[in-house]
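Enquirer: sequence and predicted structure are below.
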Amino acid sequence: MHNRKVAQFIPPEHGAWALLLVPYLVGTFAGDPSGWSLVLLVAWLAAYLSSYYAIHWWKSRHLRHGGRRFRPPALTYGAVLAMTGVALVWWRPWLLGAALMFVPFEAVAATLALRGNERSWVAGVSSATAAGLMAPLAYWVASGDQLGVAAELLTVAWLALVGSVLHVKSTIRERNNVRARWASIAFHAAALLIVVTIDPLYAVPFGFLLARAVAVPQRGWRPGRIGAVEIIGSGLVVTVTLLAT
């Protein structure tokens, strides 16, 4: 029973953790992290978790159970978001304005999710774009003050995250769609060309990401193995980004 209650607060969306953690990690550790960086992490995770459960609560409101199992996590994570959000804005009022950058992209993703299209390409790219914005934000919270570094972090995070969305979709839900596969490969090739102009070191992670975009869809792997490759790719992106910035 205890394990079931704990599981109730953990969404089965394993791929979302890369979207959440990669931009936060590169932004935070490219700067000089403090306790406020940890508060930002809690707020960031709570924002995702509260929205996830709130959307499922709303979508299941007409069912017999009325979405009751989604209500406790939605309210709990919402309360955590409110407390950490107020603390962050009290510390740095400009963060309230910065949070508005996320609204358009999260609104698109949430609207599509409420309509049952949360797996669409547009929803995925919107979510990845919102996640990418966390890279420069985490950098500024960690006392980063170089605009060029912030722009580099945003570019690298966005290219990596959107590429991951395109790759996973072309490998699982669109595995029989040749156009989806070639769109993913083309995006990764363009991403590689872009990042090496920033720093040749980026050829390592983005070369790996391009190679997996070419090879993995043809192997018919299960999601678990595909996810393991994504973890390796995410680790390379984080490591090399911190070396390059």
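Expert: The structure has been received and is ready for your questions. Given the structure is predicted, the values throughout are model-derived calculations rather than measurements.

Enquirer: contacts and neighbour counts: CA atoms only from here.
Expert: Will do.

Enquirer: give me the contacts around stretch 169-178.
Expert: Ala180, Arg181, Ser184, Val216, Pro217, Gly220, Pro223 (CA atoms under 8 Å, 6 or more residues apart in numbering).

Enquirer: contacts only, for the last one.
Expert: With contacts defined as CA under 8 Å, 6+ apart, Pro223 is in contact with Ile172.

Enquirer: relative to His167, how far out is it?
Expert: According to CA to CA, to the nearest Å, Pro223 stands 12 Å off from His167.

Enquirer: where does the prediction get shaky in the chain?
Expert: Applying pLDDT under 70 to the chain picks out residues 1-7, 12, 14, 63-67.

Enquirer: could you chop it up by domain?
Expert: 1-145, 146-245 (automatic domain parsing).

Enquirer: the strand or helix carrying Leu88: which residues count as buried?
Expert: For Leu88, the host element (DSSP states H and E) is helix 71-91. Using 16 or more other CA atoms under 10 Å as the test for burial, helix 71-91 gives 71-74, 76-78, 80-81, 84-88.

Enquirer: mind checking how far the helix or strand just after that helix is from the chain centre?
Expert: Downstream of helix 71-91, the next assigned helix or strand under DSSP H and E is helix 94-99. From the chain centre to the centre of helix 94-99 is a distance of 19 Å (CA atoms, centre = their mean, to the nearest Å).

Enquirer: residues of helix 94-99 that come out buried?
Expert: Leu95.

Enquirer: likewise stretch 25-37?
Expert: Buried residues in stretch 25-37, counted by 16+ other CA under 10 Å: Leu25, Val26, Gly27, Thr28, Phe29, Ala30, Gly31, Pro33, Trp36, Ser37.

Enquirer: send the alpha carbons of that stretch over as CSV?
Expert: Once non-C-alpha atoms are left out, stretch 25-37 reads as follows in CSV (Å, rounded to 0.1, in the frame of the first residue of the first chain):
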residue,chain,number,x,y,z
LEU,A,25,22.4,21.1,-15.0
VAL,A,26,24.2,22.8,-17.8
GLY,A,27,22.9,26.2,-16.7
THR,A,28,23.6,25.8,-13.0
PHE,A,29,27.1,24.4,-13.2
ALA,A,30,28.2,26.8,-15.9
GLY,A,31,27.7,29.4,-13.2
ASP,A,32,28.4,29.4,-9.4
PRO,A,33,25.5,27.5,-7.8
SER,A,34,24.2,28.4,-4.4
GLY,A,35,21.3,27.3,-2.2
TRP,A,36,19.0,29.3,-4.5
SER,A,37,19.9,27.0,-7.3
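
Enquirer: who touches it?
Expert: 88, 134-144, 150, 153, 238, 241-242, 245.

Enquirer: report the buried residues of stretch 224-239.
Expert: Buried residues in stretch 224-239 (16+ other CA under 10 Å): Ile226, Gly227, Val229, Glu230, Gly233, Ser234, Leu236, Val237, Val238.

Enquirer: thinking again about what came up before, now which of the contacts of stretch 25-37 would you call buried?
Expert: Buried among the contacts of stretch 25-37 by 16+ other CA under 10 Å: 88, 134-142, 144, 150, 153, 238, 241-242, 245.
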